[in-house]
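> coords please:
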Amino acid sequence: MSSGDGGNERGGAAERNAARRRRIEELRAAEKAKLKKRRSLFALAGVVVVALVAGGIVWATTRPVFCGDAASGGPNGKQWTTAPAMSIDTSAAYSATLKTSCGDIGIKLDAKNAPQTVNSFVHLAQQDYFDHTKCHRLTSSGIYVLQCGDPTGTGSGGPGYTLPDEYLKDPAIQGGTYPAGTVAMANTGAAHTGGSQFFLVYQASQLAASYTPFGTITSGLDILRHIARDGVQGGGTDGKPKDNVVINSVPVTKD
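Numbers count the residues shown, from 1 in each chain. Predicted coordinates for the structure are as follows:
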């Protein structure tokens, strides 16, 4: 082997070493680039998570309240010494709408089978007696009702007169169950003590046939069930509803 061939071999080895060094540097640079990209992606993910959490907090604190459209004013608290004279046509069909702060609840009134109760209800509605009154009681265990019609909001108020019980032989309640959608007159637990307070049954309820059924809910049952899902103040199963359920007005129509 000549001296010239040895120089060529040494030159080739140097070039190969240089090539290996360049390749190593390229690999290191590529790895650094990958690491930087991964760090950027992690940082972006963190920003997204923070944004989502913050957005959730904002939504949770700013989402609209279900019941909020209460008209200004207060109950007139009118009182009478005797029940109103019969003024409705018991052969006609009557409908009422509870226009509440949570939405409208439509009711078909049973003037035929509960004439004195319906006559009183229509009278009170026309006297604006129910306007601005709060539905003061929600029950969510055993019986499932929303109770309304007390201008004092305490459960003890009334119009000053009482009504006789009616239609307690309604076949729908004879089995000891008031079906969902029933509108019935509340009382003190004694016979013939109904007044202005009534309850709306949003789920079939076990109750003795002691409360005059005088109407059927035709629309808005979903509203009652929403109020029920929101629950009772303090977390119990019988008390004031968490939602501010206010009756703004009760228009009545003769169909």
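> Burial check on the closest residue in space to Ser205 that isn't next to it in sequence, number of neighbours?
Once flanking residues are discounted, Ser205 sits nearest to Ile143: 4.0 Å by CB to CB, 6 or more residues apart in numbering. For glycine as for every other residue, the C-beta is placed from the backbone atoms N, C-alpha and C. Neighbourhood size, Ile143 [other CB atoms under 10 Å]: 16.
> and what of Asn113?
Residues contacting Asn113 under the criterion other CB under 10 Å number 15.
> again, but for His226
Neighbour count of His226, defined by other CB under 10 Å: 16.
> Work out the gap between the helix or strand hosting it and the centre of the chain.
Using DSSP states H and E, His226 maps to helix 221-230. On the basis of CA atoms, centre = their mean, to the nearest Å, helix 221-230 is displaced by 5 Å from the centre of the chain it belongs to.
> Please enumerate residues in contact with it?
The contact list for helix 221-230 (CB atoms under 8 Å, 6 or more residues apart in numbering) reads 66-67, 100, 102-105, 138, 140, 144, 146, 180-181, 200, 202-203, 217, 241-243, 245.
> Starting from Asp243, give me the distance back to Ser101.
8 Å (CB to CB, to the nearest Å).
> residues shared between the contacts of these two?
In contact with both Ser101 and Asp243: Cys67, using CB under 8 Å, 6+ apart.
> pretty sure His123 is in a helix, no?
Yes: in this structure, His123 lies within a helix as judged by DSSP: H, G, I helix; E, B strand; the rest coil.
> isn't it right up against Pro84?
Yes: shown here, His123 and Pro84 form a contact pair, counting by CB atoms under 8 Å, at 4.1 Å.
> show me where the stretch 51-200 of the chain has strands.
Assigned by DSSP state E, counting those that start in this stretch, the stretch 51-200 of the chain shows strands spanning 94-100, 103-109, 133-134, 137-139, 144-148, 177-178, 182-185, 198-203.
> need the ones you listed in a markdown table with distance to Gly236 and mean pLDDT, can you?
Formatted as a markdown table, these follow (distance: least, CB to CB, whole Å; pLDDT from 0 to 100):
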| stretch | distance to Gly236 | mean pLDDT |
| --- | --- | --- |
| strand 94-100 | 22 | 98 |
| strand 103-109 | 24 | 98 |
| strand 133-134 | 17 | 98 |
| strand 137-139 | 10 | 98 |
| strand 144-148 | 14 | 98 |
| strand 177-178 | 21 | 98 |
| strand 182-185 | 22 | 98 |
| strand 198-203 | 17 | 98 |
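> Make JSON lines out of those and add mean neighbour count and distance to Pro115.
Putting these into JSON lines (neighbours: other CB atoms under 10 Å; distance: least, CB to CB, whole Å) gives the following:
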{"stretch": "strand 94-100", "mean neighbour count": "21", "distance to Pro115": "11"}
{"stretch": "strand 103-109", "mean neighbour count": "20", "distance to Pro115": "10"}
{"stretch": "strand 133-134", "mean neighbour count": "23", "distance to Pro115": "24"}
{"stretch": "strand 137-139", "mean neighbour count": "23", "distance to Pro115": "27"}
{"stretch": "strand 144-148", "mean neighbour count": "24", "distance to Pro115": "21"}
{"stretch": "strand 177-178", "mean neighbour count": "20", "distance to Pro115": "20"}
{"stretch": "strand 182-185", "mean neighbour count": "26", "distance to Pro115": "13"}
{"stretch": "strand 198-203", "mean neighbour count": "24", "distance to Pro115": "16"}
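> Rebuild those as TSV, extending it with distance to Pro251.
What follows is the strands of the stretch 51-200 of the chain, written out as TSV (distance: least, CB to CB, whole Å):
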stretch	distance to Pro251
strand 94-100	5
strand 103-109	10
strand 133-134	15
strand 137-139	24
strand 144-148	16
strand 177-178	25
strand 182-185	16
strand 198-203	16
